[in-house]
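Peer 1: turn this into a structure:
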Amino acid sequence: MTNATLPQPAPPSATNGWSAWDAFLVSLSETGFMQSSWWADFRVEAGYGNFGVVLRNRGAILGGAVVLTYEYAPGHCFYYIPEGPVLPAGERAASEVFATVLEAIEDRRRTDPRTVSHLRIEPRWQSLPDFVQGFRAVPAFKDCFMEPRDTLCIDLRPPEPAILAQMKPKGRYNIGVARRHGVVVIEDNSRRGLASFLRIYQATARRQGLEPKPRAYFEGLTRKLAALGQGTVFFAEHRGRRIAAAVVVYLGSRATYFFGGSLAASRELMAPYLLHFEIMMRAKAMGCEWYDLWGVAPPGEPDHAWQNISVFKRKFGGVEVRLVPTLDLVYDRVAYDRYGTCG
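Peer 2: This next block holds a predicted model:
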């Protein structure tokens, strides 16, 4: 049924080699930006390699994966498919594409001079298909090479009054509080914008006891987003002072809140509520259908590290989305155990 394109190093997003793949992703409703070629290109700056598997039928893309590679110890690496693999609808077609993707990755592994401990996948599936066999579920954030599996998505297709109406009363009220205080929302992808974002983000991370990502990460990310038109940095300002911020990524019909924060000293202004509502309205005007708040504490876990931020996010209403766990296919047990001491 299908012909698999042999795994090859994925070219930078600016080349034509992956333009068809990126266009394919944009056409789908259930995919994520971490399967885009620009994301793979961006992660090269953090030491990741990459290759791609694309399956076609009569020239039309059916599915595939952008696969990241990471060397966690000399001569030892693992393969990682964030927000993928991307499969067609229909269990039979999905099963065939999935099997072919795994075969292509296995062919790549056999020629890799390094020891490949495992393949990690994080597909945007809400239930595990029967054809996925041999993988083990990994507890959430067991190591640093994982993304959230519980999230909250706001449907942007209804009119603005309906989006407001489905929010929690306190969420709607706090949007009004911010407006009455004169809070305004702007975009700024400049160097000044980066400096403002880092000031707010780092203060928030310290307050929450989290390890912030380095400046270089955001320099590369915001530069890439601005150059490709795939995202932007938003700020809530009060009397010219920036007091809340958000990095937002766009892919097809989805806008994703990726990173952000707010200043505790300005808490009474409720700026983050207006910030995110304005982001939603601007994303809606661009044609986005969903606003993904990118990670919440699972229901029924009051002691979860994300509980406080999740209480905030849930005031916007939306649909709770619980994705299948991170899944590992172990190739080499000894190397996998070694990986476990490095993550």
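
Peer 1: can you name the next helix or strand after the strand ranked longest in the chain?
Peer 2: Criterion DSSP state E: the longest strand present in the chain is strand 60-73. Counting by DSSP states H and E, the element after strand 60-73 in chain order, helix or strand, is strand 76-82.

Peer 1: other SSEs contacting that following strand?
Peer 2: Strand 76-82 is packed against strand 60-73, helix 91-111, strand 115-122, helix 333-340, with contacts defined by 3 or more CB pairs under 8 Å, 6 or more residues apart in numbering; DSSP states H and E. Where you see a C-beta, it was placed from the backbone N, CA and C, and this is true even at glycine.

Peer 1: tell me how far it lies from the chain's centre.
Peer 2: Relative to its chain's centre, strand 76-82 lies at 17 Å (CA atoms, centre = their mean, to the nearest Å).

Peer 1: now do stretch 205-217
Peer 2: A distance of 17 Å separates the centroid of the chain from that of stretch 205-217, by CA atoms, centre = their mean.

Peer 1: stretch 134-150 too?
Peer 2: Stretch 134-150 has its C-alpha centroid displaced from the chain centroid by 14 Å (CA atoms, centre = their mean).

Peer 1: let's have the helices and strands packed on strand 76-82 in a markdown table, adding mean pLDDT.
Peer 2: Formatted as a markdown table, these follow (pLDDT from 0 to 100):
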| stretch | mean pLDDT |
| --- | --- |
| strand 60-73 | 97 |
| helix 91-111 | 97 |
| strand 115-122 | 98 |
| helix 333-340 | 92 |
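
Peer 1: nearest to Pro139, of these?
Peer 2: Across these, Pro139 has its closest neighbour in helix 333-340 (11.7 Å, CB to CB).

Peer 1: residues contacting that closest one, please?
Peer 2: By CB atoms under 8 Å, 6 or more residues apart in numbering, the surrounding residues in contact with helix 333-340 are Tyr72, Ala73, His76, Phe78, Thr115, Val116, Ser117, His118, Asp143, Asp328, Val330.

Peer 1: list only buried entries from those.
Peer 2: Buried members of the contacts of helix 333-340, counted by 16 or more other CB atoms under 10 Å: Tyr72, His76, Phe78, Thr115, Val116, Ser117, His118, Asp328, Val330.

Peer 1: just the closest of those to Glu147, please.
Peer 2: Of the buried ones among the contacts of helix 333-340, the one sitting nearest to Glu147 (CB to CB) turns out to be Asp328, at 14.0 Å.

Peer 1: tell me where the protein has helices.
Peer 2: Ranges of helices within the chain are 19-26, 37-43, 91-111, 160-165, 169-180, 191-208, 215-228, 271-285, 307-314, 333-340, based on DSSP state H.

Peer 1: got these as TSV, with distance to Val132 columns?
Peer 2: Putting these into TSV (distance: least, CB to CB, whole Å) gives the following:
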stretch	distance to Val132
helix 19-26	21
helix 37-43	23
helix 91-111	7
helix 160-165	35
helix 169-180	37
helix 191-208	35
helix 215-228	31
helix 271-285	32
helix 307-314	28
helix 333-340	18
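
Peer 1: of these, which is nearest Arg56?
Peer 2: The nearest among the helices of the chain, by CB to CB, is helix 19-26 at 9.1 Å.

Peer 1: residue contacts, the residue nearest to Ala305 when sequence neighbours are not counted?
Peer 2: Leaving aside its sequence neighbours, Ala305 sits nearest to Ala297 (CB to CB, 6 or more residues apart in numbering; 7.6 Å). Ala297 makes contact with Asp150, His304, Ala305, Trp306, Gln307, Ser310, according to CB under 8 Å, 6+ apart.

Peer 1: before we move on, the earlier item: turn the helices of the chain into TSV, columns for distance to Asn57 and mean neighbour count.
Peer 2: Formatted as TSV, the helices of the chain follow (distance: least, CB to CB, whole Å; neighbours: other CB atoms under 10 Å):
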stretch	distance to Asn57	mean neighbour count
helix 19-26	13	17
helix 37-43	21	22
helix 91-111	9	17
helix 160-165	39	13
helix 169-180	45	16
helix 191-208	43	16
helix 215-228	29	16
helix 271-285	33	22
helix 307-314	40	17
helix 333-340	35	15
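
Peer 1: out of those, nearest to Ala245?
Peer 2: Closest approach to Ala245 among the helices of the chain is made by helix 191-208 (4.5 Å; CB to CB).

Peer 1: that closest one packs against which elements?
Peer 2: Against helix 191-208 (3+ CB pairs under 8 Å, 6+ apart) you get helix 215-228, strand 231-238, strand 241-251, strand 254-262.

Peer 1: would you tell me which of those gets closest to Glu96?
Peer 2: With CB to CB as the measure, strand 241-251 is the member of these nearest Glu96 (25.5 Å).

Peer 1: re the thing from before, between the helices and strands packed on helix 191-208, which one is closest to Val177.
Peer 2: strand 231-238 (11.8 Å).

Peer 1: for the closest one, which strands pair with it and how are they oriented?
Peer 2: Applying DSSP bridges, strand 231-238 is found paired with strand 184-187 (antiparallel), strand 241-251 (antiparallel).

Peer 1: got the buried residues for the longest one?
Peer 2: Within strand 241-251, the residues that count as buried by 16+ other CB under 10 Å are Arg242, Ile243, Ala244, Ala245, Ala246, Val247, Val248, Val249, Tyr250, Leu251.
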